[in-house]
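Engineer: Just a sequence and a predicted model for now, questions to come.
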Amino acid sequence: MGNYPSNGNSMRMWLEFFTEAKITIIDNNERNFFYDFEFDRDRINTYVVDQSSISDLNSFVDKIGNEKFDFIIDDGSHQADHQILSLEVLFPTILKDNGVYFIEDIHDKKFVEYLPKIYSNLNDGEVSSNYRLEDPNTDLGISCINMYRSLICIQRGKKITR
Ligand SMILES: C[S@@+](CC[C@H](N)C(=O)[O-])C[C@H]1O[C@@H](n2cnc3c(N)ncnc32)[C@H](O)[C@@H]1O
């Protein structure tokens, strides 16, 4: 998600790192889809999508059809509301089982306030003697969460239970 104005170096890096990978880029500004270097166009798909808009995200999911992704990286607006909306739309619909969803720059207070929801999602159903987790309402299908400074990696899949 996101493609930095005019250079596309992030895309270039992924093409080099994953030599067989196909990459889909979404950005709300189509001017960011012009690149000043040669690359294999068969490996890149671009879509103009505003990640702050639920209708844009849903119509992107519809356009993608049955395609599912191994990885989704949100390096877009970096605004917590947009990060949360995108996660809730894209994670359950277009990420493969065992696929990983990365969100960069999660230091916004609103994202911190959202963390209990994904924690509850991961641990929903576990028995606790005194302080049960609140029912998260929606099961996103989270199997694992890794957190680093400003970065969260959320894996989709079957929960590991004891
Ligand atoms: C920090 S740059 C990262 C770009 C790319 N990942 C890279 O490393 O080259 C952020 C990108 O997100 C895009 N962006 C900003 N707000 C957005 C939104 N609401 N929806 C989709 N893309 C957005 C910007 O146009 C910009 O290209």
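Structural biologist: Structure received.

Engineer: what about stretch 123-133, average pLDDT?
Structural biologist: The average pLDDT for stretch 123-133 rounds to 71.

Engineer: Ok, stretch 44-64 next?
Structural biologist: Averaging pLDDT residue by residue across stretch 44-64 gives 97.

Engineer: contacting residues around that stretch?
Structural biologist: The contact list for stretch 44-64, computed with C-beta atoms under 8 Å, 6 or more residues apart in numbering, reads 1, 3, 11, 15, 22-30, 33, 74, 76-77, 79, 81-82, 85-86, 89-90, 93-94. (Each C-beta comes from the backbone N, C-alpha and C, glycine too.)

Engineer: could you redo the last one with a cut-off of 10 Å?
Structural biologist: By C-beta atoms under 10 Å, 6 or more residues apart in numbering, the surrounding residues in contact with stretch 44-64 are 1-3, 8, 11, 14-15, 22-33, 35, 67, 74, 76-77, 79, 81-83, 85-90, 92-94.

Engineer: Mind naming the longest strand for this protein?
Structural biologist: As assigned by DSSP state E, the longest strand anywhere in the chain is strand 95-104.

Engineer: roughly how far out does that one sit from the chain middle?
Structural biologist: Distance, stretch centre to chain centre, for strand 95-104: 6 Å (C-alpha atoms, centre = their mean, to the nearest Å).

Engineer: who does the next helix or strand after that strand touch, helix- and strand-wise?
Structural biologist: Going down the chain from strand 95-104, the next helix or strand is helix 109-123, by DSSP states H and E. Under the contact criterion of 3 or more C-beta pairs under 10 Å, 6 or more residues apart in numbering; DSSP states H and E, helix 109-123 touches helix 80-94, strand 142-148, strand 151-156.
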